[in-house]
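Enquirer: this one's sequence-less:
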């Protein structure tokens, strides 16, 4: 379980303090697929990067399984991060390493034996359905395949949590679907808790059991996905839901024209 | 006469190779850590330390602004302390290595900075420590660029070694000046120039080929 209490984060920009997160409070239960959605510049990315301390909050607590991780550093922080895999919008794979070596990376840095690593990597390749791409380099793969490698890499150390930072935003709708299905599969089969940020409402509708809406660095509302999207209390969410529907309609309109 | 000339040239070539190989080696040994520290301590680096970074930058810029020929003259006494003499190819290795180190540091800095920050961040998110990030991510990802940089360094040191040769270091540069220029032996002058051209061409081709081989982007 992750509890976020009174989280603040600000950046300095040309001598000015810009508050990006303002008093964020959230609770993520084990087994959740927790979506954080909001317009660009709302602070989603900063918020998810606080979960594994890629960004250090200025104030507040992040309590993961009873430990306030904002106080961690050195080896304790690195060990904590091994329990929280992360995937990214642009995959962030090692370009000069094969698929195999990319997935082996977290295992190698954790000091596992060669035999164990081989067995585990092959197992992961099987899970993400990329066995035949074992010796390929990332530049030879499609976006969806790259993200599957990244997912395998994030899962290599059997983490309890996965953070997904706009993981489907660079992918086409069909591939987006297959990646969200894969995340859902790992959630169901291994009980991995997933925290994902996105600006795509479809991803939230499809896989998230809970959702938080963030705007201007504040959580406007959060809760059960069905309730929040169907009976939102705030005008901002109503607007966002409508805007998104409108966007989809407009795209379809253009498709017909061309 | 011809045999003598050939022996002269081969000896000079051997001296040049000797100077270039060892100077490159030492320049990398000194320059790599400096370049790495520059990258790690820069703004947004993994071990951000702007004071140390600024200090290192100033030292490198100062060292690089001293003309090489002056640098050798300044550093020749140091050769006497380290290798016991200030004349000959071995003595020339000391100023060559030291003069090339700041250059290598910049080359390493540039190459390591080419590595996508997001890939480094992914390694951080996977719990990698700094040595692991440096060797398994930064060096590995920038290997093609590092190889190109080292190729450039070798060719630069070759040029420097001719200058070091002219003031007592031996090698092809020395031969070209003493025989080709001062004794009007045009044949020796031409021979040394041809050897140097072949040398640069070979190193550059090998470097480019190796760099391409490791580039999977």
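Expert: Structure received. Quick caveat: nothing in here was measured; it's all calculated off a predicted structure. Numbering: from 1, shown residues only, chains lettered A, B, ... in the order given.

Enquirer: Just want the phi and psi numbers for the nearest residue to residue A:100 once chain neighbours are set aside.
Expert: Leaving aside its sequence neighbours, residue A:100 sits nearest to residue A:134 (C-beta to C-beta, 6 or more residues apart in numbering or on different chains; 4.9 Å). Quick note: C-beta positions are derived from backbone N, CA and C, even for glycine. Main-chain dihedrals, residue A:134, degrees, to the nearest 10: phi -50, psi -40.

Enquirer: mind checking how far residue A:134 is from residue A:141?
Expert: Distance from residue A:134 to residue A:141, counting by C-beta to C-beta, to the nearest Å: 12 Å.

Enquirer: Now for those two: what residues contact both?
Expert: Common contacts of residue A:134 and residue A:141 (C-beta atoms under 8 Å, 6 or more residues apart in numbering or on different chains): residue A:99.

Enquirer: Comparing the two, which shows the higher neighbour count?
Expert: The residue with more neighbours, out of residue A:134 and residue A:141, is residue A:141; 18 against 14, by other C-beta atoms under 10 Å in any protein chain shown.

Enquirer: show me the contacts for the nearest residue to the more buried one once chain neighbours are set aside.
Expert: Nearest residue to residue A:141, sequence neighbours excluded (C-beta to C-beta, 6+ apart): residue A:133, at 6.5 Å. Residues counted as contacts of residue A:133 (C-beta under 8 Å, 6+ apart) are A:99, A:125, A:140, A:141, A:145, A:149.

Enquirer: From the structure, what's the count of residues near the fifth one?
Expert: It refers to residue A:145. With other C-beta under 10 Å as criterion, residue A:145 counts 19.

Enquirer: hang on, it packs against residue A:129?
Expert: No: using C-beta atoms under 8 Å, residue A:145 is not in contact with residue A:129, being 9.3 Å away.

Enquirer: Strands of the stretch 101-250 of chain A, start to end?
Expert: Secondary structure of the stretch 101-250 of chain A (DSSP state E, counting those that start in this stretch): strands located at A:161-165, A:193-198, A:210-215, A:218-224.

Enquirer: Just list what the longest one packs against, helices and strands only.
Expert: I take that to be strand A:218-224. strand A:16-28, strand A:210-215, helix A:235-257 (3 or more C-beta pairs under 8 Å, 6 or more residues apart in numbering or on different chains; DSSP states H and E).

Enquirer: tell me the SS of the residue nearest to the spatial centre of chain B?
Expert: Chain B has residue B:153 as the residue nearest its centroid, 3.7 Å off, counting by C-alpha atoms, centre = their mean. Here residue B:153 is recorded as helix under DSSP: H, G, I helix; E, B strand; the rest coil.

Enquirer: Quick check: pLDDT value at it.
Expert: pLDDT recorded at residue B:153 is 95.

Enquirer: Please enumerate the helices of chain B.
Expert: Under the criterion DSSP state H, helices of chain B are mapped to B:2-41, B:50-65, B:68-83, B:89-113, B:117-125, B:130-132, B:140-141, B:143-164, B:172-175, B:186-213.

Enquirer: angle of the longest one against helix B:143-164?
Expert: It stands for helix B:2-41. Interaxial angle, helix B:2-41 versus helix B:143-164 (axes from the mean of the first three to the mean of the last three C-alpha atoms, to 10 degrees): 130 degrees.

Enquirer: Contacts for stretch B:65-83 next, please.
Expert: Against stretch B:65-83 from outside (C-beta under 8 Å, 6+ apart): B:63, B:85-86, B:90-96, B:98-99, B:160, B:163-164, B:167-168.

Enquirer: And the buried ones among the residues you listed, selectable in ChimeraX?
Expert: Selection of buried members from the contacts of stretch B:65-83 for ChimeraX, criterion 16 or more other C-beta atoms under 10 Å in any protein chain shown:
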select /B:86,90,91,92,93,94,95,96,98,99,160,163,164,167,168
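
Enquirer: give me the subset of the contacts of stretch B:65-83 touching chain A.
Expert: Of the entries in the contacts of stretch B:65-83, none also sits close to chain A under the rule C-beta under 8 Å from any C-beta of the partner chain.

Enquirer: Residue A:61 contacts residue A:68, doesn't it?
Expert: Yes: judged on C-beta under 8 Å, residue A:61 makes contact with residue A:68 at a distance of 5.1 Å.

Enquirer: Dihedrals phi and psi, residue B:183?
Expert: With angles defined as degrees, to the nearest 10, residue B:183 sits at phi -110, psi 10.

Enquirer: if we can go back for a sec, quick check, pLDDT for the residue nearest to residue A:141.
Expert: 95.

Enquirer: Residue A:27 now?
Expert: 95.

Enquirer: just checking, the residue nearest to residue A:100 touches residue A:99?
Expert: Yes: in terms of C-beta under 8 Å, residue A:134 counts as a neighbour of residue A:99; the distance is 5.7 Å.

Enquirer: Need the residues touching each of these two.
Expert: Looking at what touches both residue A:134 and residue A:99 (by C-beta under 8 Å, 6+ apart), the common residues are residue A:125.

Enquirer: hang on, the earlier thing: dump the helices of chain B to a markdown table, plus distance to residue A:230.
Expert: As requested, the helices of chain B are exported to a markdown table (distance: least, C-beta to C-beta, whole Å):
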| stretch | distance to residue A:230 |
| --- | --- |
| helix B:2-41 | 51 |
| helix B:50-65 | 52 |
| helix B:68-83 | 75 |
| helix B:89-113 | 49 |
| helix B:117-125 | 35 |
| helix B:130-132 | 47 |
| helix B:140-141 | 47 |
| helix B:143-164 | 53 |
| helix B:172-175 | 82 |
| helix B:186-213 | 57 |
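
Enquirer: if we can go back for a sec, pipe the strands of the stretch 101-250 of chain A into JSON lines and attach mean pLDDT per row.
Expert: JSON lines is the format used below for those (pLDDT from 0 to 100):
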{"stretch": "strand A:161-165", "mean pLDDT": "96"}
{"stretch": "strand A:193-198", "mean pLDDT": "96"}
{"stretch": "strand A:210-215", "mean pLDDT": "93"}
{"stretch": "strand A:218-224", "mean pLDDT": "92"}
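
Enquirer: May I see those strands arranged in TSV, with mean neighbour count and distance to residue B:67 as well?
Expert: Below are these laid out as TSV (neighbours: other C-beta atoms under 10 Å in any protein chain shown; distance: least, C-beta to C-beta, whole Å):
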stretch	mean neighbour count	distance to residue B:67
strand A:161-165	24	50
strand A:193-198	25	55
strand A:210-215	24	59
strand A:218-224	17	60
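
Enquirer: Select, out of those, the one closest to residue B:55.
Expert: Of all those, it is strand A:161-165 that lies closest to residue B:55, at 36.0 Å by C-beta to C-beta.

Enquirer: can you tell me which residues contact the closest residue to residue A:2 other than its chain neighbours?
Expert: Once flanking residues are discounted, residue A:2 sits nearest to residue A:28: 4.3 Å by C-beta to C-beta, 6+ apart. For residue A:28, the contacting residues are A:1, A:2, A:3, A:34, A:193, A:195, A:210, by C-beta under 8 Å, 6+ apart.

Enquirer: Residue A:28 and residue A:168: what is the separation?
Expert: Counting by C-beta to C-beta, the gap from residue A:28 to residue A:168 is 20 Å.

Enquirer: cool, and residue B:2?
Expert: For residue B:2, the distance to residue A:168 - C-beta to C-beta - is 74 Å.

Enquirer: now residue B:135
Expert: 32 Å.
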